[in-house]
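S.K.: got a predicted structure plus its sequence, pasted below:
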Amino acid sequence: MHESQVAGLARLHQGKVRDIYAIDEQHMLIVTTDRLSAFDVVLPDPIPGKGRVLTQISNHWFGRTGHIVPNHLSDFPLSRAVPDPAARALLADRSMIVRRLNALPVEAVVRGYLIGSGWKDYQRTGAVSGRVRRGRHTTVAAVMLPLERGGYLVDTPGFSEVGVWDIDPASLDQCFADFKPFLGECRYGDCRHQSEPGCRIREAVEQGAIAQGRWESYGALLAELESAPRQWE
């Protein structure tokens, strides 16, 4: 089911995965579809049965934790909200009828395991997280992991991007291992490998010896370095 249709009920909201319908002033019907989303984009191909699995997981944990904290589940029968047997059969194991409540605008991600820097921080500090100043993280350094075919993977939890500092733009090409076999072969010694004639690096890109994406990454970093203010400015 990529998109639900419930006759006789007004749809209040359509999220990335769930559709919400109004039943009355106290109840709503939540239908969990098989839609797949990535970075807030709903993809065209659903995952068959995904909605059923998500609904079963939700019902399981709401049932297990109901005595600890109240939840929005109700005992309103689905047959009363959707009287048509054929339509109800499509929704039976992928829907729930809930009470209308005021939403608390807080979202949390709960993990059942620690990996990467999270595990290292736990070993170092003995805590998963601490009540510290807003915006601080227990991770204090990035980790560079060497790759078998050359290059590194940088693990930077808590950071949104990696920048470059204290690198001379003229020396940036030395940081690209796949450029090195062709360095020194350009027509001009100060070649930036962008639009200069006789550039051996660009020729290698056209021949497939250097990946197009690598050359584009080099160009983006070069532009960043050249636009950054110098320390003496």
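M.R.: Here it is on my side, so go on. Numbers count the residues shown, from 1 in each chain.

S.K.: now do the phi/psi pair for the most far-flung residue of the chain relative to its centre.
M.R.: For the chain, the largest distance from the centre (CA atoms, centre = their mean) belongs to Arg187, which lies 43.4 Å off. As for Arg187, its main-chain torsions (degrees, to the nearest 10) stand at phi -60, psi -40.

S.K.: for it, what are its contacts?
M.R.: Each residue near Arg187 by CB atoms under 8 Å, 6 or more residues apart in numbering is listed here: 196-199. Where C-beta positions appear, they are placed from N, C-alpha and C, glycine not excepted.

S.K.: okay if I get those as TSV plus distance to Pro169?
M.R.: Conversion of the contacts of Arg187 to TSV gives the following (distance: CB to CB, whole Å):
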residue	distance to Pro169
Glu196	14
Pro197	20
Gly198	20
Cys199	16
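
S.K.: so how do I select the buried members of those residues in PyMOL?
M.R.: Buried residues within the contacts of Arg187, by 16 or more other CB atoms under 10 Å, are selected in PyMOL with:
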select buried, resi 199
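
S.K.: domain parsing for the protein?
M.R.: 10-99, 163-227 (automatic domain parsing).

S.K.: for Leu145, find the nearest of those.
M.R.: Closest approach to Leu145 among the domains of the chain (CB to CB): domain 163-227, 15.6 Å.

S.K.: now that closest one: average pLDDT?
M.R.: The predicted model assigns domain 163-227 a mean pLDDT of 88.

S.K.: where does pLDDT dip in the protein?
M.R.: Counting by pLDDT under 70, the chain shows low-confidence ranges at 39-40, 109-119, 122, 125-143, 152, 154-166, 229-233.

S.K.: reformat the domains of the chain as a markdown table; add distance to Pro105.
M.R.: Compiled in a markdown table, the domains of the chain are given as follows (distance: least, CB to CB, whole Å):
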| stretch | distance to Pro105 |
| --- | --- |
| domain 10-99 | 15 |
| domain 163-227 | 32 |
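
S.K.: for this structure, which segments are assigned as helices?
M.R.: 50-65, 78-81, 85-91, 116-125, 200-207, 212-227 (DSSP state H).

S.K.: can you redo those helices as JSON lines with distance to Ile167 and mean neighbour count?
M.R.: As requested, the helices of the chain are exported to JSON lines (distance: least, CB to CB, whole Å; neighbours: other CB atoms under 10 Å):
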{"stretch": "helix 50-65", "distance to Ile167": "46", "mean neighbour count": "14"}
{"stretch": "helix 78-81", "distance to Ile167": "63", "mean neighbour count": "14"}
{"stretch": "helix 85-91", "distance to Ile167": "58", "mean neighbour count": "13"}
{"stretch": "helix 116-125", "distance to Ile167": "25", "mean neighbour count": "14"}
{"stretch": "helix 200-207", "distance to Ile167": "17", "mean neighbour count": "17"}
{"stretch": "helix 212-227", "distance to Ile167": "6", "mean neighbour count": "14"}
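
S.K.: thank you kindly, that will do.
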